[in-house]
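A.B. asks: Need a 3D model of the sequence below.
(one chain, ligands or ions: 2)
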Amino acid sequence: MFLTLHLFFYFYFLTNSSSPLPHTSSAEEIFGSIVVYILISILSIFIPGDIIYAWGKNKYNVYLLNKTVKKGTRPKIDVSDDEFVPRPLVVDRLKKILQPNKNHSCYHVVCGEHETGKTTLIRNASREVGQGVIYVEIPADAEDIEDFGIAFGKSLNFAFEERISFMSQLMKKVLGDTNGKDERPKWKRALEAFKCASAVYKAKHNKPSVIIYDNISKLVNMNPKVLDTLQDDAKMNADHREYIAIFVSSEGSVPRRMESRSSWSRAKKPIMEIGDLDRKTSMEYLVKKRNIKEEDAEKLHDLVGGRIVELKTVADDFLAGQTFEVIKQSILDEVEKKFQSAQLLPNDPYYEVGRSLISDLLKFNELSFLVFKKYFDKVEEFNEVLGSNIFSYHPEKNIVTFQSRSVESYIRENANIFNKSPSFFIIEVD
Ligand SMILES: Nc1ncnc2c1ncn2[C@@H]1O[C@H](COP(=O)(O)OP(=O)(O)OP(=O)(O)O)[C@@H](O)[C@H]1O
Ligand SMILES: [Mg+2]
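C.D. replies: Ligands and ions are numbered 1, 2, ... in the order given. Modelled structure (predicted):
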């Protein structure tokens, strides 16, 4: 069309000597013709170029998206090789989940206490599997749901801005069309884009792709409705074998929220839980990786147990020259702050109920969820105490335990505060 227009004007000005503009000299006529000719030439190159560029750019974005799902996000691990503790049993279990077959029809929830190493392990497993695994981490510093959308788009290599040619924009403006801009939140658009790329992946590889949402506790605090939508979508897409979702959470309250919804029917049970390192692995870490003498390593392990992040901290402090006593005091001080904010210290509102719970937990090591609940008259109080960092709910076994070995160490060290003294004494009389 533009070529015809171009040729038409070219021949028109070549053959037509009469001026299109009245009262002009022949020099002005020639100048005018040249200007119009140049303008038309520029337009006839610019317009198709603009359209082709926008089309090409959009095609390239789709190509990038499909390529990312095919290759997988392959997230980095922040722990250096010399400090990394391999946990082959957990990684193998995760890798199985990350490689669903074509008939896989449920989504997964992985949980564990704060800083047990969930992110490191799931990143490790998804890096090893690679193909078809998209890893999205809700940023710890996310301020609103838009930040989640941005992180989602980044993991997918998804360009949110569809390239619209200049001509289309102009036409829309002239015609007053306001439907052009996609006003949906970014996370929704990223999810749609992922689903499109998943369909391409499935058609090519005959198996569903996988999406991991790590740190969903943060999402619940920002906007629980978004998690509900992701859960419903995960259920529907597991039903249709389109994609498999994995939700990773640090707080027991999140799986409990997910469990209460109808789309829980398609979640794989029992929930997978990532816990602390066992004694042998913890000792290997301290003795072999950190070169700490066995007897010192034992004392450190007895203090903080197998919580990897705490083991690392006490090892760092010990190697920096701090004495065991100083390290112990600083760990116990930190735990005391947790007791304080949980209001479980003497004269606090939950002191008495906490004391009964603590004494039973010391006896039995764990309490069933129902038994734990029975200590409370009000559900808000139950939620508050369970949500504090003193106790921990384990959905895999439906039990409650102390949150960590450090908490237990604090209780043992302060037995005089927490021991339940008998409410009466038997006085022997001769
Ligand atoms: N396998 C490991 N080997 C060595 N260090 C580890 C390992 N896993 C975790 N860590 C250390 O523990 C820290 C916390 O780990 P990570 O972030 O994976 O835990 P998390 O369970 O995801 O924590 P959160 O509950 O806050 O999300 C890491 O920064 C790293 O220093
Ligand atoms: Mg994490």
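A.B. asks: Show the pLDDT at residue 344.
C.D. replies: Residue 344 carries a pLDDT value of 97.
A.B. asks: do residue 194 as well
C.D. replies: Here the pLDDT value assigned to residue 194 is 97.
A.B. asks: the bottom helix or strand of the protein by mean pLDDT?
C.D. replies: When the helices and strands of the chain are scored by mean pLDDT, DSSP states H and E, helix 2-15 comes last with a mean of 54.
A.B. asks: how far does the helix or strand just after that helix sit from the chain's center?
C.D. replies: Sequence order places helix 26-71 as the next helix or strand after helix 2-15, per DSSP states H and E. Relative to its parent chain, helix 26-71 has a centroid offset of 41 Å by C-alpha atoms, centre = their mean, to the nearest Å.
A.B. asks: when you give positions from now on, start the count at 22
C.D. replies: Fine by me, first position is 22 from now on; the one you just mentioned is helix 47-92.
A.B. asks: looking just at contacts, which helices and strands does helix 47-92 meet?
C.D. replies: helix 23-36, helix 166-177, helix 187-196, helix 207-226 (3 or more C-beta pairs under 8 Å, 6 or more residues apart in numbering; DSSP states H and E). Just so you know, the C-beta spots here come from the backbone N, C-alpha and C atoms, and that holds for glycine as well.
A.B. asks: Where does the prediction get shaky in the protein?
C.D. replies: Applying pLDDT under 70 to the chain flags residues 22-45, 71-76, 78-79, 183-202, 441-451.
A.B. asks: how about the strands in it?
C.D. replies: 129-132, 154-158, 230-235, 264-270, 293-294, 388-389, 412-415, 420-423 (DSSP state E).
A.B. asks: I'd like these as CSV, with mean neighbour count appended.
C.D. replies: Shown next, in CSV, are the strands of the chain (neighbours: other C-beta atoms under 10 Å):
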stretch, mean neighbour count
strand 129-132, 25
strand 154-158, 25
strand 230-235, 26
strand 264-270, 25
strand 293-294, 20
strand 388-389, 16
strand 412-415, 21
strand 420-423, 20
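A.B. asks: Let's have those in JSON lines, adding distance to ligand 1.
C.D. replies: As requested, these are arranged in JSON lines below (distance: least, C-beta to the nearest ligand atom, whole Å):
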{"stretch": "strand 129-132", "distance to ligand 1": "9"}
{"stretch": "strand 154-158", "distance to ligand 1": "9"}
{"stretch": "strand 230-235", "distance to ligand 1": "7"}
{"stretch": "strand 264-270", "distance to ligand 1": "7"}
{"stretch": "strand 293-294", "distance to ligand 1": "11"}
{"stretch": "strand 388-389", "distance to ligand 1": "23"}
{"stretch": "strand 412-415", "distance to ligand 1": "12"}
{"stretch": "strand 420-423", "distance to ligand 1": "17"}
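A.B. asks: Output the ones you listed as JSON lines; include the columns distance to residue 140.
C.D. replies: Below are these laid out as JSON lines (distance: least, C-beta to C-beta, whole Å):
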{"stretch": "strand 129-132", "distance to residue 140": "10"}
{"stretch": "strand 154-158", "distance to residue 140": "7"}
{"stretch": "strand 230-235", "distance to residue 140": "6"}
{"stretch": "strand 264-270", "distance to residue 140": "7"}
{"stretch": "strand 293-294", "distance to residue 140": "14"}
{"stretch": "strand 388-389", "distance to residue 140": "29"}
{"stretch": "strand 412-415", "distance to residue 140": "18"}
{"stretch": "strand 420-423", "distance to residue 140": "22"}
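A.B. asks: looking at those, which is closest to residue 242?
C.D. replies: strand 264-270 (11.6 Å; C-beta to C-beta).
A.B. asks: Just checking: what are the partner strands of that closest one?
C.D. replies: strand 129-132 (parallel), strand 230-235 (parallel) (DSSP bridges).
A.B. asks: Residue 393 contacts residue 377, doesn't it?
C.D. replies: No. Judged on C-beta atoms under 8 Å, residue 393 makes no contact with residue 377 at a distance of 10.9 Å.
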